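> Output the structure for:
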Amino acid sequence: MSRSTLACAPERPFASLAKHLIGLRRAARLPQRALAEVAAISRTAVQRAESGIAAPSPGVLDAYVQACRASPEDLARARLLRRYGRTAQRGRLRSLSAPSPALIHSADDLGLALAAMYERAGAPTLRELSRRVTHRPPLPVTSVWRFVHRKGLPASTEQLVTYLMACGVSPVEQRLYVRAYQRIVAGRGERPGPPRTRHRAAARPDELAHYTDKINPTYRSLLDSLSAVDVETALTVGVAYVYAEQSQRNGVAPITDQQLFRTARRLFGADTGPAQLKAVPATPSLGGDTLPLSRHPSSAAALDGAAGAPAW
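This next block holds a predicted model:
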């Protein structure tokens with residue numbers, strides 16, 4: 001961008017574009033009204049484009065230049081001057097202070113460079129920028145928003161190249177930015193994913209006696225002396241007592257296991273207790289992986305010895 005263009009930026013940021021358009025119209029020997037008719041645009045749009053204060057839309061600009069029967073080079077220059085005017089009008093490029101590709105060493109540096117590219121491209125709408133490169137998959141608008149506002153980096157090299165092409169970066173500079181991006185990605189390594197919940201495999205019956213680290217030492221010694229089946233029976237009966245108390249106190253028992261339901265029902269009877277316990281069938285099912293308490297003598301003894309159960 002030339003110094004003259006920047007000098008006229010505060011008052012007429014599109015003065016250079018207006019001068020170029022007026023020259024094309026006069027070379028075509030067309031007054032404003034005739035050009036508006038040929039271009040199928042309003043005369044007000046023609047006057048606004050030649051004022052140098054506001055930017056004509058891309059469609060109006062192309063129609064204006066084509067109505068003047070100008071060359072492709074004149075059209076390319078008109079588009080370039082419009083980009084310069086938009087950059088000067090917004091006035092954000094200087095505050096970004098983006099480093100050159102060779103001096104990009106961090107994600108923040110690359111973020112500044114991507115935001116500066118958007119400003120140099122004339123700050124088009126995000127949807128327009130996402131679809132500028134017609135021979136490549138369009139960029140997601142949300143991704144473009146992150147690049148422009150320095151909220152994130154491209155997810156891949158292909159996405160970066162598409163963004164660079166949409167911003168009008170030359171192929172030579174594209175390679176430099178790709179190298180900088182690859183340096184940053186290699187330095188960051190693989191992005192850590194969210195912490196995953198580790199699910200422990202179900203313990204085998206012969207291992208149950210060893211999972212007593214959180215139990216009082218007295219009870220731990222007692223449980224370690226029992227067999228795996230006896231430990232399972234004791235835990236089942238104890239948990240059933242706790243859930244039954246919660247059911248009596250709150251009216252809702254957080255029991256999801258049918259074995260615990262049946263144990264609590266046997267301990268406290270079918271005619272007492274909350275509705276959650278009464279709804280359980282009296283005959284336990286032998287299907288599935290649940291071990292019925294009636295299968296072991298120790299289980300029956302534990303149930304028969306539960307006479308001290310609290311009354312409902």
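> going forward, measure contacts and count neighbours with C-alpha atoms only.
Noted.
> Please identify the helix or strand for Leu35.
helix 32-39 (DSSP states H and E).
> average model confidence for that helix?
Helix 32-39 shows a mean pLDDT of 93.
> Okay, buried residues for that helix please.
Going by neighbour count (16 or more other CA atoms under 10 Å), the buried part of helix 32-39 is Gln32, Leu35, Ala36, Ala39.
> Contacts only, for the last one.
Under the criterion of CA atoms under 8 Å, 6 or more residues apart in numbering, the contact list for Ala39 reads Ala63, Tyr64, Gln66, Ala67.
> low-confidence ranges in the stretch 51-200 of the chain?
When residues are selected by pLDDT under 70, those of the stretch 51-200 of the chain lie in 188-200.
> what sits up against the helix or strand harbouring Leu176?
Assigned by DSSP H and E, Leu176 falls within helix 171-188. Contact partners of helix 171-188, identified using CA under 8 Å, 6+ apart, comprise Pro101, Ala102, Ile104, His105, Ser106, Ala107, Leu110, Thr157, Leu160, Val161, Leu164, Met165.
> Grab the nearest non-local neighbour of the fifth one.
With CA to CA, 6 or more residues apart in numbering as the criterion, Ser106 has its nearest non-adjacent residue at 6.0 Å, and that residue is Ile184.
> For Cys167, what are phi and psi?
The phi/psi pair for Cys167 (degrees, to the nearest 10) reads phi -90, psi 0.
> thought it was touching Ala121?
Yes: the pair Cys167 / Ala121 is scored as a contact, 5.1 Å apart, by CA atoms under 8 Å.
> which element is Leu226 on?
Secondary structure from DSSP H and E places Leu226 outside every helix and strand.
> Can you tell me how far it is from Tyr241?
Leu226 sits 20 Å away from Tyr241, taking CA to CA, to the nearest Å as the criterion.
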